[in-house]
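*Asks:* structure for the following, please:
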Amino acid sequence: MEYLLFELKKVSKNKLALISISILIIISGIVLFMNLHAESEFTLQAGARKEITYYQAENAKLKKELLQQKKNSDLYRETKYAIKSNEKISSQDYQIQQAAQANKWHRAYTLMWEKKKKEKKYLEAIDSNQINQAQVKELNTKLDFFTYLKLKPLAYESQDMPVTGIQFWLHLNKQYLPYLFTLVALFILTLLFTENYKQKLNPTKLIPISKLRLTSTEITAGLILIGGSFLVINLLMFIAATFCAGSGNLEFPYLTHSFVNGKVTNNFVASGKLILPIITLQILGILFLVVLVRLFAKIFRTQLPTLLFTLLLVLGVNIAEIAVPIFKKISAWLPMTYLNAVDSASGYLGLIYQNSHLNFASGIIVLLFSTIVILGLTFIIESLQKF
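*Replies:* Numbers count the residues shown, from 1 in each chain. I've put the predicted structure just below:
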């Protein structure tokens, strides 16, 4: 216990470690502030209002063109039909806007669902060669989204600019913390595991405790420091978002992806169902980082090479997975992939890498296996080193 407290105090007193955590909290706070500032433009009623403005502008143009067209011509009839169609859409958007403002969510979602059904029917009538497939996929996703909400009419929560506690937590752990916190974690762990070395010699070997206890104490110290820092950042941001916009609803839909018979299937599930898988991957990811940095610290015994090599390995692999095709194929078997726990648990990484093996279950296996292998390598290296 005394050695564990010594290890924790050693890093907690380091100003650079505290500054790096503080900067991360500030960045997360800025993201929340920006989302809160822009969120009013991404509500259901704001979307309806934008569409009303668009179709009103379109109708103004069409009415000007109508004055220049012959009344009995086909073009005149087509323009008149287009004006009526736009007026119907504007009327429906107005009803959606009014229902959302009055918190009549079932009516608002039913109207949105009916609107998306009409849009899908319209696209199906067009020649497939003239349709943008990305537009079709987006429309189908929106249709599934409002189908879910039509059956469960929950208060609307923006997923473009999330501000409620749960949705902002998911957003933060998807877009920012997997990368920014990983950098901070590697830095703090490097300080922790290289601080004991004096001229590349390790005085802790002289401490009268067993090697197993020494190893478990060092890993526990790393887990407490990194896990504790991660928990503090997430709790602070969740509390701040909840205070500003409410906690949100665990039943609110979140888009997930899976492979069925080699084809991607999209499905909306309750956000709450993803929380446990995400936290599980995050804990295993933090454990993996702890043992990885500890391994490099045992090899190099100085701060700079340890930090550079861990950064090169962790960030380099993630960049390579995006840029190099062969890395996409093996991404499911690389532990660095699962440091983005939200995208791993939701199946989004499997979708963008087109890798059916990249999922939550694989993440558990790969992270545990990698951690055990690294612990074995570290044990061998320690056995070969006298001091």
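*Asks:* what stretches of this structure score poorly on pLDDT?
*Replies:* Along the chain, segments meeting pLDDT under 70 span 1-3, 6-7, 127-130, 197-208, 210, 385-387.
*Asks:* wait, what's in contact with the residue nearest the centre of it?
*Replies:* Computing the C-alpha centroid of the chain and ranking residues by Cα atoms, centre = their mean puts residue 174 first, at 1.5 Å. Counting by Cβ atoms under 8 Å, 6 or more residues apart in numbering, residue 174 touches 340, 342, 343. In this view, the C-beta of every residue, glycine as well, is placed from N, C-alpha and C.
*Asks:* on the three-state scheme, the residue in the chain sticking out farthest from the centre is what?
*Replies:* In the chain, the greatest distance from the average C-alpha position (Cα atoms, centre = their mean) is reached by residue 72, at 56.3 Å. The assignment at residue 72 comes out as coil when based on DSSP: H, G, I helix; E, B strand; the rest coil.
*Asks:* distance check, it against residue 80.
*Replies:* 12 Å (Cβ to Cβ, to the nearest Å).
*Asks:* where along the stretch 151-300 of the chain do the strands fall?
*Replies:* With strands called from DSSP state E, counting those that start in this stretch, the stretch 151-300 of the chain shows them at 253-260, 263-270.
*Asks:* mark which of the contacts of residue 174 are part of helices, please.
*Replies:* Taking DSSP state H, the ones among the contacts of residue 174 that sit in helices are 342, 343.
*Asks:* quick one: which of the contacts of residue 174 is most hemmed in?
*Replies:* Counting neighbours by other Cβ atoms under 10 Å, residue 340 leads the contacts of residue 174 with 25 neighbours.
*Asks:* got phi/psi on it?
*Replies:* For residue 340, the backbone dihedrals (degrees, to the nearest 10) come out as phi -90, psi 90.
*Asks:* hang on, it packs against residue 178?
*Replies:* Yes: counting by Cβ atoms under 8 Å, residue 178 is a contact partner of residue 340 at 4.0 Å.
*Asks:* what about residue 301, distance to residue 381?
*Replies:* Shown here: residue 301 relative to residue 381, a distance of 11 Å by Cβ to Cβ.
*Asks:* what do you get for residue 139?
*Replies:* To residue 381, residue 139 is 55 Å away according to Cβ to Cβ.
*Asks:* okay, the two: which has more neighbours?
*Replies:* A count of neighbours by other Cβ under 10 Å puts residue 139 above the other of residue 139 and residue 381, at 16 against 12.
*Asks:* CA atoms only: put the helix or strand where the more buried one lies into PDB for me.
*Replies:* Using DSSP states H and E, residue 139 sits in helix 133-151. What follows is helix 133-151 as a C-alpha-only set of coordinates in PDB (Å, rounded to 0.1, in the frame of the first residue of the first chain):
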ATOM      1  CA  GLN A 133     -27.400   6.100 -53.400                       C
ATOM      2  CA  ALA A 134     -26.000   8.000 -50.400                       C
ATOM      3  CA  GLN A 135     -29.200  10.000 -50.500                       C
ATOM      4  CA  VAL A 136     -31.200   6.800 -50.500                       C
ATOM      5  CA  LYS A 137     -29.300   5.400 -47.500                       C
ATOM      6  CA  GLU A 138     -29.700   8.700 -45.600                       C
ATOM      7  CA  LEU A 139     -33.400   8.700 -46.300                       C
ATOM      8  CA  ASN A 140     -33.800   5.100 -45.100                       C
ATOM      9  CA  THR A 141     -31.900   5.900 -41.900                       C
ATOM     10  CA  LYS A 142     -34.100   8.800 -41.200                       C
ATOM     11  CA  LEU A 143     -37.200   6.700 -41.900                       C
ATOM     12  CA  ASP A 144     -36.000   4.100 -39.400                       C
ATOM     13  CA  PHE A 145     -35.200   6.800 -36.900                       C
ATOM     14  CA  PHE A 146     -38.700   8.200 -37.000                       C
ATOM     15  CA  THR A 147     -40.300   4.800 -37.100                       C
ATOM     16  CA  TYR A 148     -38.600   4.100 -33.700                       C
ATOM     17  CA  LEU A 149     -39.700   7.500 -32.300                       C
ATOM     18  CA  LYS A 150     -43.300   7.100 -33.700                       C
ATOM     19  CA  LEU A 151     -43.600   4.000 -31.500                       C
END
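*Asks:* cool, thanks, signing off.
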